[in-house]
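dropping a prediction and its sequence here:
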Amino acid sequence: MIGSLMSYTKMDDVDVSVVILTYRKHDALAKLLLSVLEQKTHNFFEIIIVDNGCFDETKVAIETVLHDEMFIPYTYVPKCNNPGYAAGNNAGVKLASPTSDYILFLNDDIVLSGPEFIQDMLQIAQTKKKSAAVGCKLLNGDGSELIEAGSIVWEDGSAAGFGRGQRDFNAPEFSYPKPVDYVSGACLLVDRKIFEEYGGFNGKQFPNYYEDTDLQLHIQHDIGREVWFQPKSVALHDEHGSFGSDESVKLMQDASKRFAAKWEYSLKGAHVKNPYQLEGKEQDQAFFMAADLRARDPLKANILYLDDRPPDKSKGSGYGRSFDNLSMIADLGHYLTLVSLSPPQETKEWCDNKCIDQITSLGIEYYASTSDWDSLVQSRIGYYDIVIISRPHTLKATYEKWKDFYKQSSFSLIYDCEALSFLRNEKLHELVQKKNIKFPGYYHLEAEPEKFGVPIESELGLAIESLKRLELALIQMADTVVSVSEKEKKNIGLLIPDDEINIKVIGHIMTSENMSERKFSERNGLLFLASFHDTMYYNGDAIWYFLEYIYPLVVKESIYSFQGVHLTIAGRGIPAKLRDFVKNKKDIAKHVTFLESPPTTDRLYRENRVMIAPHLYGAGIQYKVSEALANGLPVVMSTFTKESFGYIPGCVGSDSRSFTKCIIDLHRNENQWQELHDKGLSYIQQSHSRQALKEKWSDIIDSSFKHMSKKQSHKILNIEQLDQIVQEIDIRNELNKKNRESLEVEQIEKNV
């Protein structure tokens with residue numbers, strides 16, 4: 001039987017000390033201990049149980065749960081005179097392992113939900129630079145409603161749990177990590193050094209309540225660090241179970257007065273005024289401003305980011321760049337709300353739980369499939385300083401509402417046009433009409449233009465011209481336009497010679513940290529890696545052209561010298577038409593391998609010797625080309641691809657013969673391969689730096705936040721002009737769609 005201070009299974013490399021304060025709650029303690037033992041972490045932890053009651057039932061509960069435990073060290077600390085929360089927990093910390101960097105305080109009346117609870121708490125503590133403490137999402141005992149998703153200290157010193165009483169506790173506003181005023185001491189992870197430097201919990205002033213909040217205001221106001229809320233860590237809490245509800249109310253009221261007096265100076269002006277005298281929208285806004293420290297920081301912007309789909313880096317099509325943009329903006333400390341406009345089922349298929357976790361882990365409030373996005377914005381009018389809209393079709397789908405919002409509040413609009421799609425289609429049209437290249441993607445575009453965001457017209461050329469008018473009108477609506485390359489910026493400047501248009505370039509982030517060290521001799525073959533989305537348009541056309549006009553020459557010449565060069569075509573949604581095309585070309589079929597939706601690209605970059613980018617048309621710049629160079633894989637590219645980037649190291653093939661020569665030479669000549677390998681890595685380091693692009697975003701946001709580049713009336717006028725263009729296109733769309741359907745019916749009747 002446990003009777004005095006005892007320790008078991010000592011360990012020298014403990015990272016986290018779990019300090020559990022218990023008092024007369026032996027059944028609850030047993031449940032908590034079981035949930036702690038289930039934890040799976042990358043770090044070693046110990047358990048320190050401080051017993052403020054020393055009842056036999058408590059000792060039996062501890063022995064029953066822990067008597068066979070051999071891998072997690074634990075210590076029992078009897079404090080039989082019930083010295084209170086502060087003194088009890090401080091005593092536990094004094095016995096923590098000297099190697100422990102973090103202290104996790106747990107009340108005996110909570111239960112941890114899920115084996116990743118502690119690891120998720122640590123993930124925030126270790127990745128958020130200013131973090132000094134972390135709390136969890138607390139639900140009531142039966143898990144039916146929220147107790148807090150982080151907590152608020154108002155300017156008058158009173159406090160509130162954010163979301164208290166809400167049953168939809170997985171709503172977006174409760175489901176992303178964020179810096180907050182404080183979190184409940186029932187579940188509090190603290191940097192041990194900071195805790196000890198403050199002298200632990202201040203038990204003299206706050207023996208039972210507000211000692212945890214006092215510590216956290218010290219973290220925020222005295223040392224300039226942050227307390228973070230981690231929604232992935234969920235605990236069930238039998239609230240006030242440690243003391244009894246009647247006694248809790250009186251203790252809390254007394255402590256509240258002392259707390260407000262101590263922190264009065266720090267709270268004044270730095271915290272949101274108590275909103276309980278307000279009603280409706282005004283009260284809601286006060287809670288939103290108070291619930292995330294970034295939202296009320298006068299030096300940071302509140303930003304609404306709209307995209308057609310959630311940015312899943314694995315999907316290509318510019319979504320990797322979108323994710324990186326969000327990540328950089330979040331790193332700058334701004335408050336971000338991301339809204340995806342795609343339908344629910346489409347969003348679910350596009351972005352799984354891992355994808356959602358990657359987004360929210362950035363500290364971003366994420367609304368998936370919000371068809372009534374305008375209602376969300378309307379409820380937060382005056383809350384957002386900046387709106388960022390990604391891609392032309394997203395702005396086209398939402399522009400009408402911005403006119404109303406401009407009349408109600410002032411904000412800057414940043415339009416990330418990502419790539420000018422009309423330029424891609426213009427080039428494709430030219431290649432087919434003037435060069436007579438029968439790209440299969442062209443006929444798909446011609447048959448279903450609306451699938452590719454192109455208006456329906458009697459002729460594809462007219463449709464592309466309508467798309468051009470639309471995209472240029474969208475650009476003129478924004479305060480700041482973000483382009484993906486200097487070439488695109490130049491094109492916009494030539495097409496819209498307006499000094500008032502502020503155009504910035506944000507390209508791709510790349511790093512060579514995970515690059516394989518495999519040598520030339522350990523690699524073999526060609527790689528084409530792209531997202532196809534079950535269509536031959538763009539990437540499908542690029543590899544089709546290569547297979548039709550270039551690869552037969554490569555196979556023929558390489559067989560004479562070194563037994564052929566194998567080609568791997570990998571990507572998401574490889575169209576059946578492409579597979580059939582290769583199958584029917586007997587001279588190359590045996591040399592080609594298709595790889596659908598590889599879970600990772602690491603092996604492909606590690607094993608192949610040369611990447612190919614044979615595109616003859618496109619828009620923006622190719623993410624996979626940059627990615628290949630970052631992985632040390634030299635690229636053979638078309639003249640078009642080279643010109644899209646400006647300067648970029650690689651072997652450029654201006655026609656079938658020169659493209660073939662580049663491949664043969666690079667695949668055969670180790671010195672040439674090594675030279676381009678080294679130049680590619682150097683290029684990525686110089687031009688794809690995350691820090692450099694983050695500084696650009698900082699300048700863009702600071703400028704947008706502090707200065708409006710256009711008057712509201714000017715913006716409304718541009719929207720009205722855009723509206724005329726859109727209405728004209730929609731009318732023609734409907735008319736041409738009916739004409740096309742009539743022709744199809746006539747053809748069917750004729751065939752019958």
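Alright, I've got the coordinates.

and the longest strand for the chain?
Determined from DSSP state E, the single longest strand within the chain is strand 226-237.

contacting residues around the following helix or strand past that one?
Next along the chain after strand 226-237, taking DSSP states H and E as the criterion, comes helix 245-262. With CB atoms under 8 Å, 6 or more residues apart in numbering as the test, helix 245-262 has contacts from 156-159, 205-206, 208-211, 213-214, 240, 243, 267. Backbone N, C-alpha and C define where each C-beta goes, glycine included.

out of those, which are buried?
157, 159, 206, 208, 209, 210, 211, 213, 214, 240, 243, 267 (16 or more other CB atoms under 10 Å).

dump those residues into a markdown table; add secondary structure, pLDDT and distance to residue 449 as well.
Shown next, in a markdown table, are the buried ones among the contacts of helix 245-262 (DSSP: H, G, I helix; E, B strand; the rest coil; pLDDT from 0 to 100; distance: CB to CB, whole Å):
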| residue | secondary structure | pLDDT | distance to residue 449 |
| --- | --- | --- | --- |
| 157 | coil | 93 | 62 |
| 159 | strand | 92 | 57 |
| 206 | coil | 88 | 68 |
| 208 | coil | 76 | 70 |
| 209 | coil | 85 | 66 |
| 210 | coil | 92 | 64 |
| 211 | helix | 94 | 66 |
| 213 | helix | 95 | 60 |
| 214 | helix | 96 | 64 |
| 240 | coil | 57 | 64 |
| 243 | coil | 48 | 69 |
| 267 | helix | 94 | 59 |
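
farthest-separated two in the residues you listed?
Spanning the widest gap among the buried ones among the contacts of helix 245-262 are 243 and 267, at 26.2 Å by CB to CB.

which stretches of the stretch 251-400 of the chain have low pLDDT?
Within the stretch 251-400 of the chain, the set of residues satisfying pLDDT under 70 comprises 369-371.

and the strands in it?
302-307, 335-340, 365-367, 386-390 (DSSP state E, counting those that start in this stretch).

which residue packs closest to the residue nearest to the spatial centre of the chain, ignoring adjacent ones?
In the chain, the residue lying closest to the centroid (CA atoms, centre = their mean) is residue 359, at 2.7 Å. Distances taken as CB to CB, 6 or more residues apart in numbering place residue 366 nearest to residue 359, at 5.2 Å, with adjacent residues excluded.

from what I see, residue 594 and residue 574 are in contact.
Yes - if you go by CB atoms under 8 Å, residue 594 and residue 574 touch, sitting 5.7 Å apart.

who's more crowded, the two?
Comparing residue 594 with residue 574 by other CB atoms under 10 Å, the one with more neighbours is residue 574, at 22 against 13.

tell me how far that one lies from residue 540.
Separation of residue 574 from residue 540 (CB to CB, to the nearest Å): 8 Å.

looking at this, residue 415 is in a strand?
Yes - assessed with DSSP: H, G, I helix; E, B strand; the rest coil, residue 415 lies in a strand.

check contacts around it.
Counted by CB under 8 Å, 6+ apart, residue 415 has contacts 388, 389, 395, 474, 475, 477, 478, 480, 481, 482.

can you put those in CSV and add distance to residue 249?
Converted to CSV, those look like this (distance: CB to CB, whole Å):
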residue, distance to residue 249
388, 46
389, 49
395, 53
474, 57
475, 60
477, 55
478, 54
480, 53
481, 57
482, 53
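
and the residues you listed, which are buried?
The neighbour-count criterion (16+ other CB under 10 Å) marks 388, 389, 395, 474, 475, 477, 478, 480, 481, 482 among those as buried.

looking at the residues you listed, which are in strands?
If you go by DSSP E, the buried ones among the contacts of residue 415 have 388, 389, 480, 481, 482 in strands.

out of those residues, which comes closest to residue 547?
Nearest to residue 547 among these, with distances taken as CB to CB, is residue 482, at 35.2 Å.

wouldn't that closest one be in contact with residue 419 here?
No - using CB under 8 Å, residue 482 makes no contact with residue 419, being 11.1 Å away.

ok, back up a step: the residue nearest to residue 359 against residue 360, yeah?
Yes - using CB under 8 Å, residue 366 makes contact with residue 360 at a distance of 5.4 Å.

mind listing the residues bridging to the spatially closest residue to residue 633 that is not a sequence neighbour?
Excluding the flanking residues, the one nearest residue 633 by CB to CB, 6+ apart is residue 611, at 4.8 Å. Beta-bridge partners for residue 611, by DSSP bridges, are residue 527, residue 635.

can you get me a residue count around residue 611?
Using other CB under 10 Å, residue 611 is surrounded by 25 other residues.

next up, the contacts around it.
526, 527, 528, 529, 624, 625, 628, 633, 634, 635, 636.

let me have the residues you listed in CSV, extended by distance to residue 587 and pLDDT.
Output for these, formatted as CSV (distance: CB to CB, whole Å; pLDDT from 0 to 100):
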residue, distance to residue 587, pLDDT
526, 16, 97
527, 20, 98
528, 18, 98
529, 23, 96
624, 27, 92
625, 28, 95
628, 27, 95
633, 26, 96
634, 26, 97
635, 25, 97
636, 20, 98
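
would you list those residues in a markdown table and tack on distance to residue 193 and neighbour count?
Listed next are the contacts of residue 611 as a markdown table, based on distance: CB to CB, whole Å; neighbours: other CB atoms under 10 Å:
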| residue | distance to residue 193 | neighbour count |
| --- | --- | --- |
| 526 | 54 | 24 |
| 527 | 49 | 24 |
| 528 | 52 | 22 |
| 529 | 46 | 25 |
| 624 | 45 | 20 |
| 625 | 46 | 25 |
| 628 | 44 | 28 |
| 633 | 44 | 27 |
| 634 | 48 | 26 |
| 635 | 48 | 26 |
| 636 | 54 | 29 |
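
related to what we said a few turns ago, which one of the buried ones among the contacts of helix 245-262 is nearest residue 342?
residue 159 (38.9 Å).

pLDDT at the nearest residue in space to residue 382 that is not next to it in sequence, what is it?
Nearest residue to residue 382, sequence neighbours excluded (CB to CB, 6+ apart): residue 409, at 4.6 Å. As predicted, residue 409 sits at a pLDDT of 83.

what's around residue 409, how many residues?
Counted with other CB under 10 Å, the neighbours of residue 409 add up to 14.

quick one: it and residue 380 touch, right?
No - assessed by CB under 8 Å, residue 409 is found out of contact with residue 380, at 9.4 Å.

and the helices in the stretch 351-500 of the chain?
Shown for the stretch 351-500 of the chain, the helices assigned by DSSP state H, counting those that start in this stretch span residues 353-360, 373-379, 392-408, 421-434, 440-447, 460-477, 486-495.

buried residues in the shortest one?
Which is helix 373-379. Within helix 373-379, the residues that qualify as buried are 373, 374, 377, counting by 16+ other CB under 10 Å.

do the same with the third one
For helix 392-408, the neighbour count (16+ other CB under 10 Å) marks 392, 394, 395, 396, 398, 399, 402, 403, 405, 406 as buried.

got it, and the last one?
Buried residues in helix 486-495, counting neighbours by 16+ other CB under 10 Å, are found at 487, 488, 489, 492.
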